[in-house]
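Sequence unavailable; structure follows:
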């Protein structure tokens, strides 16, 4: 049960089920803003009403006791619902003056019209010339710099589901919501892709898997849009004889093939994995050898035809998508929650389960390479550093985040931290900052955090001198090791002392203690900065 569902009189459900990152330098520096004309808005209202009517019609088709009783009773003629004209919609929603600019609006509002207006704001004695203009700051925050990452956060609050687009800048200590997108259903999976079939440029889009069988793909370079760039899949309509396309149930997992950019894989409750051709917006092939829900998917980072799948039947499968039903499978200790490839060891696949375990699999062998009893409850998320070999993070419903060193066949415990985010749902590592992770939980008052695990001295001691690599060719870290970026003698001595004082003795693999550090000022507090902190937008 989610923590936000417990207790009477508490807030409604409020949690973060899925998160993903956008690499630096791919987002449009100045995203486009959508402003609909009156005619376009009327068309949107018409389409929305038609969609609602269609959903109600589909609901009526389902056999229920009420429907069966009505069928037995006498048939009565149904009143005809004629679609409203443009004029009627215009009057209903007050769109008469929608396109008119309020240039002639009266200035004397609330008795303030007599105040002196200065043509040159610097002459106004009530304005502080050293205080930056808020509009200028908002305009600056709206722009996306080449050093910014975007974080895409699926957020569920009550009955409202949104995709929140954060701007994160590691050097400038910036983290704020840039814009958000209203989703039609509960988000279950997010996958960023740099491929737009309707454009000559690569673009920056996100595929969203929800409780509905269709997959919506949104353009992240457009703000305030009401519709996705395109949708994969279609519900069938029996009455009209239109066959369905794609999945028949909720989409739990998504994986974009960065080597073959027009390919996207999706896993569903309907026990299938579908390989989509984004150019055609259609299913290229379907993998039907799963016996339960498919919760995890990962394309091999270097072998573009190889796909790893994690299923609730307690099997991990690695498929060669060039050949039908060509796959190898391994039995694990529980239902598979997540799956990823070790980009430092291309033969190793790593999976987490609902039994609290993490497994390493050498795909060249028939047996598991190692099994780690990582948590006391299901391991809901795992992440491997993009550039630091062996730096592995896991989160769990036991509310803890743990860091491990998995360079050998015997993973070693490094540190543990309670994040106070409720039951942890997801963790994703930043592709460009090798020690920064984003974590989502289900605590209503605080369910999302971005942190740099280097702030923990145990992590620094273990990985600080390890030579960084960049097999995924993300943004270069700029230093060969973490210690080169920030020498150990520059660490905050007082904070380090508090960290060591707060350590608690807990059992861990090959370790008898774990550290619980004081929450830092943010993922970027490690940098020595003289400039003022960048303004954070309120939300």
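Yep, that arrived. Note that the structure is a prediction, hence the values are computed from the model and not measured. Residues are numbered from 1 along each chain as shown.

For this protein, which segments count as helices?
Counting by DSSP state H, the chain has helices at residues 38-61, 65-72, 86-93, 134-142, 457-463, 482-485, 493-501.

among the ones you listed, which gets the worst mean confidence?
Across the helices of the chain, helix 493-501 has the smallest mean pLDDT, namely a mean of 46.

what stretches of the stretch 301-450 of the chain score poorly on pLDDT?
Counting by pLDDT under 70, the stretch 301-450 of the chain contains no low-confidence range.

which stretches of it form strands?
306-311, 315-320, 327-331, 336-341, 348-353, 357-362, 368-373, 379-384, 391-396, 400-405, 412-418, 426-429, 436-440, 448-452 (DSSP state E, counting those that start in this stretch).

partners of the fifth one, with directions?
I take that to be strand 348-353. Sheet pairing of strand 348-353 (DSSP bridges) gives strand 336-341 (antiparallel), strand 357-362 (antiparallel).

Would you mind giving those as CSV with distance to residue 388 added?
The C-beta positions use only the backbone N, C-alpha and C, and glycine is treated the same way. Converted to CSV, these look like this (distance: least, C-beta to C-beta, whole Å):
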stretch, distance to residue 388
strand 336-341, 15
strand 357-362, 17
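
Please identify which of the ones you listed is closest to residue 174.
Across the strands paired with strand 348-353, residue 174 has its closest neighbour in strand 336-341 (28.0 Å, C-beta to C-beta).

quick revisit: let's have the strands of the stretch 301-450 of the chain in TSV, adding mean neighbour count and distance to residue 237.
Below are the strands of the stretch 301-450 of the chain laid out as TSV (neighbours: other C-beta atoms under 10 Å; distance: least, C-beta to C-beta, whole Å):
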stretch	mean neighbour count	distance to residue 237
strand 306-311	25	30
strand 315-320	20	32
strand 327-331	16	34
strand 336-341	24	34
strand 348-353	25	39
strand 357-362	22	43
strand 368-373	17	46
strand 379-384	24	37
strand 391-396	26	41
strand 400-405	23	46
strand 412-418	21	50
strand 426-429	24	35
strand 436-440	25	36
strand 448-452	21	39
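
quick one, which of those strands is nearest to residue 480?
Closest of the strands of the stretch 301-450 of the chain to residue 480 is strand 391-396, at 15.1 Å (criterion: C-beta to C-beta).

ok and the closest one relative to strand 348-353, angle-wise?
20 degrees (axes from the mean of the first three to the mean of the last three C-alpha atoms, to 10 degrees).

who's in contact with strand 391-396?
Residues outside strand 391-396 that contact it (C-beta atoms under 8 Å, 6 or more residues apart in numbering): 350, 352, 356, 358, 374-385, 401-406, 411, 424-427, 429, 434-435, 437, 439, 453, 459, 463, 466.

6 Å - rerun?
374-375, 377, 379-385, 401-404, 406, 424, 427, 437, 463 (C-beta atoms under 6 Å, 6 or more residues apart in numbering).

That strand: how far from the chain's middle?
Here the centre of strand 391-396 is set off from its chain's centre by 17 Å, with C-alpha atoms, centre = their mean, to the nearest Å.

by how many degrees do that strand and strand 412-418 diverge?
40 degrees.

so what strands line up beside strand 391-396?
Under the criterion DSSP bridges, strand 391-396 sits next to strand 379-384 (antiparallel), strand 400-405 (antiparallel) in its sheet.

so which of those strands gets nearest residue 319?
Of all the strands paired with strand 391-396, it is strand 379-384 that lies closest to residue 319, at 20.5 Å by C-beta to C-beta.

quick one: the closest one to strand 436-440, angle?
170 degrees.

nearest to residue 34, of the strands paired with strand 348-353?
Closest of the strands paired with strand 348-353 to residue 34 is strand 336-341, at 34.5 Å (criterion: C-beta to C-beta).

contacting residues around that closest one?
295-296, 298, 300-301, 308, 310-311, 349-354, 379-380, 382.

Skipping its backbone neighbours, what lies nearest residue 213 in space?
Leaving aside its sequence neighbours, residue 213 sits nearest to residue 247 (C-beta to C-beta, 6 or more residues apart in numbering; 4.1 Å).

just residue 186 next, same as before
Closest residue to residue 186 apart from its sequence neighbours, by C-beta to C-beta, 6+ apart: residue 211 at 4.7 Å.

List the residues that contact the one you found.
With contacts defined as C-beta under 6 Å, 6+ apart, residue 211 is in contact with 185, 186, 250.

thought the last one was touching residue 267?
Which is residue 250. No. The pair residue 250 / residue 267 is not scored as a contact, 10.2 Å apart, by C-beta atoms under 6 Å.

quick one on the thing from earlier: Serialize the strands of the stretch 301-450 of the chain to a markdown table and add fields for distance to residue 193.
Output for those, formatted as a markdown table (distance: least, C-beta to C-beta, whole Å):
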| stretch | distance to residue 193 |
| --- | --- |
| strand 306-311 | 15 |
| strand 315-320 | 20 |
| strand 327-331 | 24 |
| strand 336-341 | 17 |
| strand 348-353 | 22 |
| strand 357-362 | 26 |
| strand 368-373 | 31 |
| strand 379-384 | 19 |
| strand 391-396 | 24 |
| strand 400-405 | 27 |
| strand 412-418 | 32 |
| strand 426-429 | 15 |
| strand 436-440 | 18 |
| strand 448-452 | 22 |
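
how about the ones you listed, which one is nearest residue 16?
From those, taking C-beta to C-beta, the stretch that ends up closest is strand 436-440, at 3.0 Å.

Name every strand pairing with that closest one and say which way it goes.
According to DSSP bridges, strand 436-440 has these partners: strand 426-429 (antiparallel), strand 448-452 (antiparallel).

out of residue 250 and residue 267, which sits in the busier spot?
Remark: of residue 250 and residue 267, residue 267 carries more neighbours, 29 against 18, as counted by other C-beta atoms under 10 Å.

circling back to that earlier point, which pLDDT value goes with the residue nearest to residue 186?
pLDDT at residue 211 comes out at 96.

same deal with the one 5 residues further on?
Confidence at residue 216, expressed as pLDDT, is 97.

how many neighbours does it have?
24.

same deal with the one 5 residues further on?
Using other C-beta under 10 Å as the criterion, residue 221 is surrounded by 21 other residues.

From residue 236, how far out is the nearest residue to it once chain neighbours are set aside?
Leaving aside its sequence neighbours, residue 221 sits nearest to residue 28 (C-beta to C-beta, 6+ apart; 4.0 Å). Plainly put, residue 28 is 36 Å away from residue 236 if you go by C-beta to C-beta, to the nearest Å.
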